[in-house]
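S.K.: Please work out how this folds:
(3 chains)
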Amino acid sequence: MAVLPSSSSALELTISMPGFASSSSLPSSVRDLDINQVPSIGAEEDWITMNMDDEEESSNGGPPRKKLRLTKEQSRLLEESFRQNHTLNPKQKEALAMQLKLRPRQVEVWFQNRRARSKLKQTEMECEYLKRWFGSLTEQNRRLQREVEELRAMKVGPPTVISPHSCEPLPASTLSMCPRCERVTTTNLEKGPTKTAITTTITATTMSTKVTTPTLQSRQSPAAC
DNA sequence: CCAAATGGCACCCTTACCTCA
DNA sequence: CTTGAGGTAAGGGTGCCATTT
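M.R.: Here you go, the predicted structure:
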């Protein structure tokens, strides 16, 4: 079962869950509308309202800070860099900031937020996956319980199973579910456990986990041979 | 050598601003 | 035009680790 990414955000995700193919999607779904207009050299102040100089001013009661919007090109380069490395060392940060005409702090913040978005996305996917898993297990549980009821109804008397080896009836107390092959197995009391496929095969479709099914041994069977 | 102080960094939570339906 | 939701840059607090004193 695969859970597809639910959004078209440009997040690169890896998820390590059983039976879960990691997915990555990088459509350029960044807003096409470039509200900042790509700044020409020397015109950054027009769009970065809060630059290095008014940084302190805004922190102690100056004019309300305006919000920086990165240009498409800046976002693209940051994204590209993030794909290579989710963290930056000081040199890389400095170089990237120079290249993007941003402060190193802004690059740092962008990476911080980007990591957070990545993690959030991954958490959402894991949540989705677990929900589906839960649903599947619930359904499986329902099915198995129904099956148990049917088996109980079929064998009102002491339940017996015909042994394929001796062609003699076996007591139900020797029945158990093999969690590996998901078949009902019999335990030969004299020769030790043997795996035997019998006419009724209980299949349990799990995702990728082993479901340990309780054995039927708790049932007393007074009527052996 | 050891312990306290310091600085840098990542993470987390939150706020403020912006855009869009 | 107004409003609420969603996205995101940035602020501030905290913990961890390495380095310095």
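S.K.: ok, longest helix in chain A?
M.R.: Identified as the longest helix of chain A according to DSSP state H is helix A:104-154.
S.K.: quick one: is that one near DNA strand B?
M.R.: Yes. Helix A:104-154 lies within reach of DNA strand B by C-beta under 7 Å from any atom of the strand, at A:E108, A:F111, A:Q112, A:R115, A:A116, A:K119. All C-beta spots, glycine's among them, are computed from the backbone N, C-alpha and C.
S.K.: hmm, that helix touching DNA strand C?
M.R.: Yes. Helix A:104-154 comes into contact with DNA strand C (C-beta under 7 Å from any atom of the strand), by way of A:R105, A:Q106, A:V109, A:W110, A:Q112, A:N113, A:R114, A:R117.
S.K.: Tell me the buried residues within these.
M.R.: In terms of neighbour count (16 or more other C-beta atoms under 10 Å), the buried residues within the residues of helix A:104-154 next to DNA strand C are A:Q106, A:W110, A:R114.
S.K.: Turn those residues into a markdown table, including pLDDT.
M.R.: What follows is those, written out as a markdown table (pLDDT from 0 to 100):
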| residue | pLDDT |
| --- | --- |
| A:Q106 | 91 |
| A:W110 | 93 |
| A:R114 | 91 |
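S.K.: Which single one of those is nearest to DNA strand B?
M.R.: DNA strand B lies nearest to A:R114 out of these, by C-beta to the nearest atom of the strand, at 9.1 Å.
S.K.: can you pull the contacts of that closest one?
M.R.: A:L78, A:E79, A:F82, A:H86 (C-beta atoms under 8 Å, 6 or more residues apart in numbering).
S.K.: what do you get if the cut-off is 7 Å, keeping everything else the same?
M.R.: Listed by C-beta atoms under 7 Å, 6 or more residues apart in numbering, the contact set of A:R114 reads A:F82.
S.K.: got a winner among the residues of helix A:104-154 next to DNA strand B for most neighbours?
M.R.: Among the residues of helix A:104-154 next to DNA strand B, the one with the most neighbours (other C-beta atoms under 10 Å) is A:F111, at 20 neighbours.
S.K.: thinking again about what came up before, quick one: which of the residues of helix A:104-154 next to DNA strand B is nearest A:T71?
M.R.: Sorting the residues of helix A:104-154 next to DNA strand B by how near they are to A:T71, with C-beta to C-beta, puts A:F111 at the top with 17.1 Å.
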